[in-house]
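> Can you look at this prediction? I've put the sequence above it.
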Amino acid sequence: MFRRSIPDDYSLVFPFDGVGRRDVHMLFVPFPIDALWLVEGEVERMKRLRPWVGLGIARADTLIELPAGAASEVEPGDSVTVEREPSPMGPGTTTSSIAAETATSDVK
(Lines give C-alpha, C1' and ligand atoms only; values in the text may rest on other atoms or scores of the structure.)
Protein backbone atom coordinates (compact mmCIF):
# COMPACT_ATOMS: atom_id res chain seq x y z
CA MET A 1 0.00 0.00 0.00
CA PHE A 2 1.06 3.59 -0.75
CA ARG A 3 3.95 2.51 -3.02
CA ARG A 4 4.00 3.85 -6.56
CA SER A 5 5.41 0.65 -8.08
CA ILE A 6 7.13 -2.63 -7.19
CA PRO A 7 10.31 -4.22 -8.57
CA ASP A 8 10.01 -7.00 -11.17
CA ASP A 9 11.50 -9.56 -8.74
CA TYR A 10 9.14 -8.60 -5.89
CA SER A 11 6.69 -10.94 -4.18
CA LEU A 12 4.65 -11.06 -1.00
CA VAL A 13 3.85 -14.53 0.35
CA PHE A 14 1.12 -14.95 2.97
CA PRO A 15 1.07 -18.47 4.48
CA PHE A 16 -2.01 -19.32 6.58
CA ASP A 17 -2.60 -22.06 9.16
CA GLY A 18 -5.21 -23.79 7.02
CA VAL A 19 -7.40 -23.55 3.95
CA GLY A 20 -9.98 -20.78 4.10
CA ARG A 21 -11.60 -18.00 2.13
CA ARG A 22 -8.91 -15.37 1.45
CA ASP A 23 -9.45 -11.98 -0.14
CA VAL A 24 -7.20 -9.29 -1.58
CA HIS A 25 -8.25 -5.71 -2.27
CA MET A 26 -6.42 -2.94 -4.11
CA LEU A 27 -7.66 0.06 -2.11
CA PHE A 28 -4.81 2.64 -2.03
CA VAL A 29 -2.68 0.54 -4.43
CA PRO A 30 -1.98 2.60 -7.61
CA PHE A 31 -0.58 -0.24 -9.77
CA PRO A 32 -1.87 -3.67 -10.89
CA ILE A 33 -0.65 -6.96 -9.41
CA ASP A 34 -1.09 -10.68 -10.08
CA ALA A 35 -2.46 -12.71 -7.18
CA LEU A 36 -2.21 -16.49 -6.74
CA TRP A 37 -4.33 -18.50 -4.30
CA LEU A 38 -2.71 -21.86 -3.48
CA VAL A 39 -3.87 -24.98 -1.65
CA GLU A 40 -0.96 -27.30 -0.78
CA GLY A 41 1.16 -25.75 -3.55
CA GLU A 42 -1.48 -26.07 -6.27
CA VAL A 43 -2.97 -22.96 -7.88
CA GLU A 44 -6.67 -22.62 -7.14
CA ARG A 45 -6.99 -19.22 -8.81
CA MET A 46 -4.89 -16.56 -10.57
CA LYS A 47 -6.21 -13.06 -11.05
CA ARG A 48 -4.79 -9.77 -12.32
CA LEU A 49 -6.03 -7.13 -9.89
CA ARG A 50 -6.61 -3.60 -11.20
CA PRO A 51 -5.26 -0.55 -9.36
CA TRP A 52 -7.52 1.08 -6.75
CA VAL A 53 -10.58 -1.11 -7.37
CA GLY A 54 -9.37 -4.71 -7.81
CA LEU A 55 -10.81 -7.43 -5.58
CA GLY A 56 -10.13 -11.16 -5.57
CA ILE A 57 -11.51 -13.93 -3.36
CA ALA A 58 -10.73 -17.67 -3.33
CA ARG A 59 -9.92 -20.61 -1.05
CA ALA A 60 -6.26 -20.85 -0.11
CA ASP A 61 -3.68 -21.83 2.49
CA THR A 62 -1.13 -19.53 0.80
CA LEU A 63 -1.67 -16.24 -1.02
CA ILE A 64 1.03 -14.74 -3.26
CA GLU A 65 1.15 -11.21 -4.69
CA LEU A 66 3.41 -10.57 -7.72
CA PRO A 67 4.05 -7.75 -10.20
CA ALA A 68 1.41 -7.61 -12.95
CA GLY A 69 2.34 -10.03 -15.72
CA ALA A 70 4.63 -12.20 -13.59
CA ALA A 71 1.98 -14.94 -13.37
CA SER A 72 0.43 -14.48 -16.82
CA GLU A 73 1.14 -18.10 -17.82
CA VAL A 74 0.11 -19.62 -14.48
CA GLU A 75 -3.26 -21.39 -14.45
CA PRO A 76 -5.39 -23.27 -11.92
CA GLY A 77 -3.94 -26.74 -11.39
CA ASP A 78 -0.31 -25.61 -11.83
CA SER A 79 2.15 -26.34 -9.02
CA VAL A 80 3.95 -23.46 -7.29
CA THR A 81 6.99 -23.78 -5.04
CA VAL A 82 8.01 -21.07 -2.58
CA GLU A 83 11.61 -21.22 -1.38
CA ARG A 84 12.63 -18.99 1.52
CA GLU A 85 16.14 -17.59 1.66
CA PRO A 86 17.97 -15.32 4.16
CA SER A 87 17.37 -11.70 3.28
CA PRO A 88 20.07 -9.08 2.76
CA MET A 89 17.88 -6.87 5.00
CA GLY A 90 19.28 -8.56 8.10
CA PRO A 91 18.61 -11.27 10.71
CA GLY A 92 15.04 -12.41 11.16
CA THR A 93 13.97 -11.51 7.62
CA THR A 94 13.61 -13.75 4.58
CA THR A 95 13.14 -13.37 0.85
CA SER A 96 11.13 -15.76 -1.29
CA SER A 97 11.89 -17.32 -4.64
CA ILE A 98 8.79 -18.53 -6.47
CA ALA A 99 8.70 -21.04 -9.32
CA ALA A 100 5.60 -22.38 -11.06
CA GLU A 101 5.45 -25.54 -13.12
CA THR A 102 2.91 -25.08 -15.88
CA ALA A 103 1.90 -27.16 -18.84
CA THR A 104 3.64 -24.69 -21.18
CA SER A 105 6.62 -23.22 -19.30
CA ASP A 106 8.38 -22.51 -15.99
CA VAL A 107 7.75 -19.09 -14.44
CA LYS A 108 10.48 -17.66 -12.18
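Yes, it's here. Numbering: from 1, shown residues only.
> Let me know the pLDDT of the residue nearest to the spatial centre of the chain.
Nearest to the geometric centre of the chain sits residue 64, at 2.1 Å (CA atoms, centre = their mean). We have a pLDDT of 95 for residue 64.
> could you list every residue that touches it?
11, 12, 13, 14, 35, 36, 38, 80, 82, 98 (CB atoms under 8 Å, 6 or more residues apart in numbering). Where you see a C-beta, it was placed from the backbone N, CA and C, and this is true even at glycine.
> Which strand residues bridge it?
residue 13, residue 36 (DSSP bridges).
> returning to that earlier point: which ChimeraX command selects the buried ones in the contacts of residue 64?
Burial among the contacts of residue 64 is assessed by 16 or more other CB atoms under 10 Å; the matching ChimeraX selection reads:
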select :11,13,35,36,38,80,98
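> Tabulate the contacts of residue 64 (JSON lines), appending pLDDT.
Conversion of the contacts of residue 64 to JSON lines gives the following (pLDDT from 0 to 100):
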{"residue": "11", "pLDDT": "87"}
{"residue": "12", "pLDDT": "89"}
{"residue": "13", "pLDDT": "91"}
{"residue": "14", "pLDDT": "92"}
{"residue": "35", "pLDDT": "97"}
{"residue": "36", "pLDDT": "97"}
{"residue": "38", "pLDDT": "97"}
{"residue": "80", "pLDDT": "92"}
{"residue": "82", "pLDDT": "83"}
{"residue": "98", "pLDDT": "65"}
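> With respect to residue 52, which of the contacts of residue 64 is nearest?
Nearest to residue 52 among the contacts of residue 64: residue 35, at 15.1 Å, using CB to CB.
> In this structure the closest one contacts residue 47, no?
Yes. Applying CB atoms under 8 Å as the test, residue 35 and residue 47 come out as touching, 5.4 Å apart.
> Now do the same for residue 10: helix, strand or coil?
coil (DSSP: H, G, I helix; E, B strand; the rest coil).
> ok, now which ones touch the nearest residue to it once chain neighbours are set aside?
In this structure, residue 10 finds its nearest non-sequential neighbour in residue 67, 5.9 Å apart by CB to CB, 6 or more residues apart in numbering. Remark: with contacts taken as CB under 8 Å, 6+ apart, residue 67 is in contact with 6, 7, 8, 10, 33, 34.
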